[in-house]
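Undergrad: all I have is the shape, not the residue letters:
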């Protein structure tokens, strides 16, 4: 079980996800598309391997690719292409005819239809293309197998980087819980009410083994609040508790991104008020002291 990461714009995407979550009010209109029309009802399914946070990353990445296409200055690039038409090496180097999404495909080695090829199919040359052609081309891209492959690779890489950041996981789950708390449950067709507690929030579901192992290894087998060893290698008296960062009573999700490792005392005392809490405490790769 490995990810072969290429890190093409991965950290840029991570920064975009981070910005969205740190400024949810400023981005409210853009975020509405993620949860409108009762889409949030799908978040109730417990512990999906393609987590709710995966879905969020996918939504943000699609928006990022769309913005890139919208910002592509077709007239400027046509002028550059025309001026370099007699110098194939310069065109190959500057690539004025390639859209940003094509660079992503090429970097990951994903076979795809180029904008040039698309234009040829509709009987146009690049010199005659306009913004409407880019729009139509991107609509074809969205539904292609190539884009599905690109999305999987990109979402997996971004998730791999950001899942380690528990404070960001808190921000995301706090955002998601706010959406659920305002949801109109009576509008959801076929809602599985067995997923709900009597209070109307999500019912507690034991995390599956794969989720427990992922969180245990991410948190290095230590309580994230006090650092107590929970591996069983140092002390047999300490037991791990897989705690919801945003409590279920506060509309928290049964999602792997909403779990953290706590010792029993911290779980019982530090979270006794039912608030969302985590820490920025991480084990260093190595000591700076000799």
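TA: Thanks, I have the structure now. In this text, all values refer to a predicted model and were calculated from it rather than measured experimentally.

Undergrad: which stretches of the stretch 151-290 of the chain form strands?
TA: For the stretch 151-290 of the chain, applying DSSP state E, counting those that start in this stretch gives strands covering 240-244, 259-263.

Undergrad: return the most buried member of the ones you listed.
TA: Mean neighbours per residue, mean count of other CB atoms under 10 Å, is largest over the strands of the stretch 151-290 of the chain for strand 259-263, with a mean of 24. (C-beta placed from N, C-alpha, C; glycine too.)

Undergrad: got the angle between that one and strand 240-244?
TA: Strand 259-263 runs at 140 degrees relative to strand 240-244, counting by axes from the mean of the first three to the mean of the last three CA atoms, to 10 degrees.

Undergrad: average pLDDT across strand 259-263?
TA: For strand 259-263, mean pLDDT is 94.

Undergrad: which residues touch the longest helix along the chain?
TA: Longest helix in the chain by number of residues (criterion: DSSP state H): helix 52-71. For helix 52-71, the surrounding residues in contact (CB atoms under 8 Å, 6 or more residues apart in numbering) are 13, 16-17, 20, 30, 33-34, 42-43, 99-101, 104, 134-135, 138, 142, 151, 154-155, 158-159, 162-163, 169, 172, 176, 253, 255, 257.

Undergrad: follow-up on the earlier one: closest one to residue 128 among the strands of the stretch 151-290 of the chain?
TA: strand 259-263 (54.3 Å; CB to CB).

Undergrad: may I see the buried residues of stretch 92-105?
TA: Judged by neighbour count using 16 or more other CB atoms under 10 Å, the buried positions of stretch 92-105 are 96-99, 101-102, 104-105.

Undergrad: of the contacts of helix 52-71, buried ones?
TA: 13, 16-17, 20, 34, 43, 99, 101, 104, 134, 138, 151, 154-155, 158-159, 162-163, 169, 172, 176, 253, 255, 257.

Undergrad: before we move on, back to that, the strands of the stretch 151-290 of the chain: which one's closest to residue 127?
TA: For residue 127, the closest of those is strand 259-263, at 54.7 Å, according to CB to CB.
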